[in-house]
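Visitor: missing the sequence, but the structure's below:
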């Protein structure tokens, strides 16, 4: 039985999201009413039997550490199931094109060499999918490749999933050979300096959602209102785990009107909600209308307010009779704690 470890790179940004949500790492971005983006690669690895996983941390890691904790929610934090928080280079904050910087690999060389593992699975955080990694690992072993890269096909084009299986020996060799080029990413080094690398492709035909912009973020959350998308991402055979925060059930008053929406626990709904995702412990007052929007936790929408194509971070207060409207391509965004 081959030994496999997992390595999740959270040390990069999506510029359009980062300039709006400055205090939170991309990996800790809330999604779908109760999840964070980090939940998907963590769950993919755990569900595929990978019991040793490291997360390369960004500099703004407080919310990410707070969410992941010891990894108990994903079945880590035990003697044989270990989750490691690994240091990431500050340079990774500025290099947006690469997901796996060689500098991050070198800094965490001891983890890569952990327990004499045979393969390492590398994953990013902003492409959302629920994938059984077993077939990809099997293909990698059977072909004898140095690395196998996962792709999905969309509109006739191959799109990388930021999911790679690599021989640990090959990765450690790269770290040794190219240590003077540690500012580069693994893909760039392989493409520009290792032309004879045996690389295979694995095609994944499941649901994939990519989040690079605030528009992507709005569309990704609203896509969960479609039954096929929701069932594909939250497959009952491969659960997506998260750090559960128990709340009382949401309270709907007689004046509430809710249509085609996802509302988390702990909310009070008195107004109208349509085609929206409402995170936990938010309040929509009587006479308020929320459409095509995403409200993160602990938000308060006063009576008479009208919101459309609106995204807000946690603890935002929308004033009485406010009318705020964005577009699907350019949604209005309210930062954490803002009064609008």
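Guide: Okay, I see it. Because the structure is predicted, anything quoted here is derived from the model rather than measured. Residues are numbered from 1 along each chain as shown.

Visitor: buried set for whichever strand or helix holds residue 191?
Guide: Assigned by DSSP states H and E, residue 191 belongs to helix 186-193. Across helix 186-193, burial judged by 16 or more other Cβ atoms under 10 Å covers 186-190. C-beta: built from backbone N, CA, C; applies to glycine.

Visitor: so which elements touch it?
Guide: Contacts defined by 3 or more Cβ pairs under 8 Å, 6 or more residues apart in numbering; DSSP states H and E place helix 186-193 against helix 102-107, helix 168-177.

Visitor: residues near the nearest residue to residue 3 once chain neighbours are set aside, how many?
Guide: Using Cβ to Cβ, 6 or more residues apart in numbering and skipping residues adjacent in sequence, the residue nearest residue 3 is residue 117, 4.4 Å away. Residues lying near residue 117 (other Cβ atoms under 10 Å) number 20.

Visitor: list the contacts of residue 117.
Guide: Taking Cβ atoms under 8 Å, 6 or more residues apart in numbering, we find residue 117 in contact with 3-5, 52, 168.

Visitor: same thing but at 7 Å, please
Guide: Shown in contact with residue 117 (Cβ atoms under 7 Å, 6 or more residues apart in numbering): 3-5, 168.

Visitor: got a pLDDT number for it?
Guide: Confidence at residue 117, expressed as pLDDT, is 90.

Visitor: the one 5 residues further on too?
Guide: If you check residue 122, the pLDDT there is 97.

Visitor: again with residue 79
Guide: 68.

Visitor: returning to that earlier point: next SSE after the helix holding residue 191?
Guide: Assigned by DSSP H and E, the successor of helix 186-193 is strand 199-203.

Visitor: show me which positions of that following strand end up buried.
Guide: 200, 202.

Visitor: check stretch 9-29 too.
Guide: Applying 16+ other Cβ under 10 Å to stretch 9-29 flags 9-14, 16-18, 20-21, 24-29 as buried.

Visitor: same question for stretch 56-76.
Guide: So, applying 16+ other Cβ under 10 Å, buried residues of stretch 56-76: 56-58, 60-61, 63-64, 67-68, 71, 73-74, 76.

Visitor: identify those among these that sit within helices.
Guide: 63-64, 67-68 (DSSP state H).

Visitor: could you find the lowest-pLDDT member of those residues?
Guide: Comparing these by pLDDT, residue 63 comes last, at 90.

Visitor: for that one, which non-adjacent residue is closest in space?
Guide: residue 28 (4.3 Å).

Visitor: over to residue 38?
Guide: Residue 38's closest residue in space is residue 27 (Cβ to Cβ, 6+ apart), at 4.2 Å.

Visitor: one more: residue 147?
Guide: Per Cβ to Cβ, 6+ apart, closest to residue 147 is residue 166, 4.3 Å.

Visitor: can you pull the contacts of that neighbour?
Guide: 119-120, 122, 147.

Visitor: at 8 Å what do you get?
Guide: 119-122, 146-148.

Visitor: just the buried subset of the contacts of residue 117, written out for PyMOL, thanks.
Guide: Restricted to buried positions by 16+ other Cβ under 10 Å, the PyMOL selection for those reads:
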select buried, resi 4+5+168
